[in-house]
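would you be able to build a 3D model of this:
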Amino acid sequence: MMKEKLNKKENKMSMNVLVLESVGSCIDEDGITYPLNVDDTPDMECGVDWLDTTDEWSESLSEEDAGLLDDWLLKNNYKVEVDK
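All right, here's what the predicted structure looks like:
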């Protein structure tokens, strides 16, 4: 069922994103989050790496959206670059 919901949300826009309704945002395959405009399109001027989002943003994620986000990041092989 989660996979069906993930696919439904992915197909909501022409670019491949996951819509995170609980925080009014979407995330693309590169891990960049965008706020959603009133018409549910991403505001491409305001992208932020999901690791740079605020604590308020992550605490506002619903449990369902947090699970979808985890699955999305795994599916897209998101990797965190560590400075040495």
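
is the spatially most central residue of the chain in a helix, a strand, or coil?
Geometric centre of the chain, nearest residue: residue 27, 2.8 Å, by C-alpha atoms, centre = their mean. Classification of residue 27 using DSSP: H, G, I helix; E, B strand; the rest coil returns strand.

for residue 40, helix, strand, or coil?
Following three-state DSSP, we place residue 40 in the coil state.

give me the pLDDT for it.
pLDDT recorded at residue 40 is 88.

that one contacts residue 19, doesn't it?
Yes: Residue 40 is in contact with residue 19 according to C-beta atoms under 8 Å; the separation is 7.4 Å. Quick note: C-beta positions are derived from backbone N, CA and C, even for glycine.

compare these two and say which is more crowded by neighbours.
Taking neighbours as other C-beta atoms under 10 Å, residue 40 and residue 19 compare with residue 19 leading, 22 against 12.

low-confidence ranges, the chain, go.
1-14, 82, 84 (pLDDT under 70).

what packs against the longest helix that it contains?
Of all the elements of type helix in the chain, the one with the most residues (DSSP state H) is helix 63-75. On a contact count with 3 or more C-beta pairs under 8 Å, 6 or more residues apart in numbering; DSSP states H and E, helix 63-75 meets helix 2-10, strand 17-20.

mind listing what residue 22 touches?
Residues counted as contacts of residue 22 (C-beta atoms under 8 Å, 6 or more residues apart in numbering) are 60, 61, 62, 64, 65.
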